Structure formats: structure tokens, C-alpha cells
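Participant: Turn this into a structure:
(2 chains)
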Amino acid sequence: MEYFLQQLINGLTLGSIYGLIAIGYTMVYGIIGMINFAHGDIFMVGAFISLIVFLILMSIGVTFIPLALLIVLVVAMVVTSAYGWTVERLAYRPLRSSFRLAPLITAIGMSIFLENYVQIAQGARVKPLQPVITGGYTIMQGNGFTVQLSNIQIIIMVLTVALMAVFSWIIARTPLGRAQRACEQDRLMAGLLGVNVDRTISLTFVIGAALAAVAGLMFLLYYGVIDFYIGFVAGIKAFTAAVLGGIGSLPGAMLGGLIIGLIETFWSAYFTIEYKDVAAFSMLAIVLIFLPSGLLGKPEVEKV
Amino acid sequence: MTDAILKVEHMTMRFGGLVAIDDLSFDARRGEITALIGPNGAGKTTVFNCITGFYKPTAGMLTMTHEDGSTFLLERMDDFRITRHARVARTFQNIRLFGGMTVLENLLVAQHNKLMLASKFTIGAILGIGGYRGHEKEAVELARFWLDKAGLTARADDPAADLPYGDQRKLEIARAMCTGPKLLCLDEPAAGLNPKESDDLNKMLLGIRDEQGISILLIEHDMNVVMGISDHIVVIDYGKKISDGDPAFIRSDPKVIAAYLGVDESEAGELAS
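Facilitator: The predicted model follows:
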């Protein structure tokens, strides 16, 4: 029981990170029907920027942790957003009216480019960060096992829930969100109603990148080590999460992220850690057989 | 005689070897309903696509003139800029509502520019500053005004796709009006409507012309609508203008009858007399 509870906490933490990345996939897919395979690497860039800003802040003597965290969060979100915007502007927009596979290919190219760029700029070795947020609470003790809820886990979950709430509200209630939903359904008509479609798409990438930056920062704080390759695996997992939850659906992405995180953690805990990815991807295959549009996705119905 | 709100001069549109529009010139006059009619495939929708920036005409000039004298060359503008600055709105032959959004949201998307500026690009909306709430209230009021005109107030919060066909047509016009146009271009608004619905549509369009003072350019096959409400009719066939005048003149023009019935002009003259 204690062991289970601990794994649940760990799984939800990991799932939150996946969920935040998955939102970027699902929003971009929703609006332009394209899988942005470079999104995982945007997440990696976000983690590196967080690390760099952290190290700079420490070297100039900002040791008050909440302040440092806030600065890192804001800077990482802004700079990573700039990356997201640039990727869209350079690699996707010129191909918008091209055939469907073209942006997919540039997305893969962009992904490889970002990985190699960070590898060259930052080196191939793993980058450690000493634990910044320490401490936690002991929830339960028994059978020689202690259930811990660390502060960093609390921060990750709370921040994820808060960001989800804010971004769901933006999509549901603000003019930007309405424009995004309108572009999802009929880009041409949205343009004719005066919506600047290109800018709306750019902002979608910016929002996705900002959330990926938060996920990158959390990953850095939680695991303490990053390298140029973390974006690949995390990106594939988050993409799986987005598909599992129903691509195009925001709550679906979050739910998918949590499920993938939980499956991985429980599988590692009770079975073999080597096969955790197999478990996660099998789950995806099984769900898609029975629910082809994902858990919360809307099935495409064509009226005749 | 009023002045022209939209002047189409020597417009030509070629698709490869096909000449869809051939040296077409006509005026849509301010405060009037101008109908563009012609047999199927005459190029009516192509004219609309050029006016709203969906196509760039191969040659010719499209000038939009506002009451204050400012002019816009539509053939040089992007589609969203035509809506925003030249203030031309359009609907399509097929219904293109945002089906997954509510009726009210459809009307709010049409006021996107205003709200986006008011929300300081979303940041103001998040923080609730900069008078955003006031602007949103205004936008909702304008939307409600048009819902009322279209008789859809009771269904404001239903998904647009759930409305019956005739109401969807009316909602499209209401949505186009929410962009605050000076010229409203309607592509077959009466297609598929029953006689009662098409009468309602006539009333709505006359209301837009008389109460709002908006000029309308209309493509329509339903002669009940065309003859009933148009102030001025332009007839095109094979991309060329064949006639231009008031409904009574068009009704008796042998060239128009010939184009519609597919007979020679001389025979048509006999038919008309």
C-alpha cells in the first residue's frame, strides 16, 4: 500500500511533465493539422535555458530560491517561446500551402537541427544541477517503507494544474482562444472575418513552447541532469500522450500525459524497468484499437 | 444617383488558359442592393473571390471607396486586411459557420480585431485590465443585436451546427455584419431556403440596407429575391457583362433572356415582345 502510494505520487509528477509537453503537440495539431516533431526539442531547449539562467543567477549571487525560480521560469518561457516562434516562421510557414507531408519532413529536420545545435553549443555530456528545491513531507510510514511527497513534486503538480487552468481559460474565453478555435475549423473563413490567421498560428506555437519551457524547467529540477537528447524520448512520450488523450483536445492531452506517466512508473515499480516504454506504447495501441480518436477526442463525423 | 462604393474596372481573371472573367466593369452603388446574376459557370463567384482577396485578378482594378473618401485597392490586399480596413464582408455558397462553436461565439470571432486590440493581445484579458471587460460587453451587445435581427436570440448558446439550415444562413449574414462592413457580399444567400425563409431573408436584407445603410452585393439564382429587393442588376455570362440596369430593364432585355434560355438574340427578342 505504501509502495503503491509512493509510485502514484511519482507517476503523477512524471505525468504532469508529459502533459505539459503534450499540450503543445495537441494545440498545434488542432490548428494546422500538423505534428510538430520539433516540439520535444523545444522542451529540451527550455531545460537548457533554465539551467543556464540558474547558473548565471547563482554566479551573481541570487540565492533566494523562490526569486531565482521565478526569474528562471519567466526567462525560460520567454526565450523558449522565441525559439518556438522562430521554428514556425522559418520551417513551417513557408510550407503552409504545400502538400501535407512537407511540414512533417521539415519538422523532423528541425528536430535534428535543434539537437545538434545544442550538442555543439553545450557539449554532449550530461549537465548536472545540484538540487535546488529540497525537503518534503512524510505522508505515511509503515512496513519499513516511507511515503515521501517532496516539495519539488508539489511544485510540479500545483504549477501544472495552475497552467492548465489558465490556458484552458485563454482558449475558452479570450479573443485569442476564439480565434484559435475558429482557425481550427475553417482557416479561410476566419481570415475573411478579419482574423490574422498567420499570427494566430504563431501565437499557438508560442504558447506551446512556453508550456514546454515550464516542463523543461521541471524536468531539470526533478531529475537534476539533462543532455541534448532528452527532447527525443520525452517528445515521443508526450506525442503518445496527446494521441492517447485524443489529439486536438486540451484536457485529453493532460489526461493522456498523466496516464502515460502512471503506466511508466507503475510498470517500472512492479515489473521490469527496461520494458516501461513498451508498456506505455502498448497502452496506446490498445486504446487506439477501441477508441480510434483517443480518450477525449471528437470522432470526425462527416455529414452527407 | 448615388456614388459607387465598389468600382470594378476592366477586371480579368485567367486560370491557365481558361478566361473566367473577361474585362468586366461594373459599379456597386452606395446604399443600394446590387445583384450579380448569370447562368451557372458565368464567373459570379470568381468575381466575389477577387473582391474578397481570395484570388488576385490577372488584370484590372477593384476600388472600394468609403463615405469619407478613403479608397482601397482590393486587388492588392490580403484577405483579413480587406475585412479589417476596406470593410468588405462576404458569405459563401455553402455554409461555413464554425460548427463546433456556439452561435454567440461565431458572432464574437467576427469582432476579433476590436477585441484583440482591446485585450492588449490577450494579456489585458488575462489580467482583467485596460477596459477589456467593457469592450467585451460591447461586442456581446452587438452580437445580441444581430441575433435579434436574425431571430436567433433563444439559441445563442447552442453549437452553430445544431441550427436548422435556414437559421444557419441567417447566422452567416449576422456574422458577416458583426465585422462592421460597409459592403456586404452574399453568395447565393437564398439557396436551399423555402419560400417563407426566403421572404424572411428579403426582409433582413432590406433592413440591413435601410436601417444600417450598408450596401449589398448579391449573387442569387432565386429570381423572387433578385427582382424583389435589388436596386440594380448586373448580368454576366462567360465572364463578360451582358447587361446592367434596374430590375424592370433586365427582365425585358433580350440578351439576358437569350443567355438564360440558351437561344439566339433575335429569337429572344420575339420571346420578350
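
Participant: distance between the helix or strand of chain A with the lowest mean pLDDT and the chain's centre?
Facilitator: Using mean pLDDT, DSSP states H and E, the weakest-scoring helix or strand in chain A turns out to be strand A:136-142, at a mean of 76. How far strand A:136-142 lies from its chain's middle: 29 Å, per C-alpha atoms, centre = their mean, to the nearest Å.

Participant: now stretch A:254-270
Facilitator: Chain-centre distance of stretch A:254-270: 15 Å, with C-alpha atoms, centre = their mean.

Participant: excluding its backbone neighbours, what's nearest the residue sitting nearest the centre point of chain B?
Facilitator: Centroid-nearest residue in chain B, with C-alpha atoms, centre = their mean: B:C185, separated by 1.2 Å. Ranked by C-beta to C-beta, 6 or more residues apart in numbering or on different chains and with sequence neighbours excluded, the top spatial neighbour of B:C185 is B:R90, at 4.0 Å. C-betas here are computed from N, CA, C, even on glycine.

Participant: For A:P131, which residues are in contact?
Facilitator: Listed by C-beta atoms under 8 Å, 6 or more residues apart in numbering or on different chains, the contact set of A:P131 reads A:G224.

Participant: pLDDT at it, what is it?
Facilitator: Per-residue pLDDT puts A:P131 at 81.

Participant: secondary structure class for it?
Facilitator: Judged by DSSP: H, G, I helix; E, B strand; the rest coil, the three-state class of A:P131 is coil.

Participant: any idea how far it lies from A:F54?
Facilitator: Distance of A:P131 to A:F54, computed by C-beta to C-beta, to the nearest Å: 12 Å.

Participant: average pLDDT across the lengthiest helix in chain B?
Facilitator: Using DSSP state H to define each element, chain B has its longest helix at helix B:132-150. Helix B:132-150 carries an average pLDDT of 80.

Participant: Same check on stretch B:156-167?
Facilitator: 84.

Participant: Report the buried residues of that stretch.
Facilitator: Using 16 or more other C-beta atoms under 10 Å in any protein chain shown as the test for burial, stretch B:156-167 gives B:A156, B:P159, B:A160, B:L163, B:G166, B:D167.

Participant: Same list (those) but as JSON lines, adding distance to B:A110.
Facilitator: Output for these, formatted as JSON lines (distance: C-beta to C-beta, whole Å):
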{"residue": "B:A156", "distance to B:A110": "14"}
{"residue": "B:P159", "distance to B:A110": "17"}
{"residue": "B:A160", "distance to B:A110": "12"}
{"residue": "B:L163", "distance to B:A110": "16"}
{"residue": "B:G166", "distance to B:A110": "20"}
{"residue": "B:D167", "distance to B:A110": "17"}
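
Participant: Can you tell me which of those residues lies closest to A:G208?
Facilitator: B:P159 (26.1 Å; C-beta to C-beta).

Participant: The longest helix along chain A packs against which elements?
Facilitator: In chain A, with assignment by DSSP H, the single longest helix is helix A:2-32. Secondary-structure packing of helix A:2-32 (3 or more C-beta pairs under 8 Å, 6 or more residues apart in numbering or on different chains; DSSP states H and E): helix A:39-59, strand A:136-142, strand A:145-150, helix A:151-173, helix A:175-185, helix A:197-223, helix A:230-245, helix A:250-270.

Participant: All good on my end, thank you.
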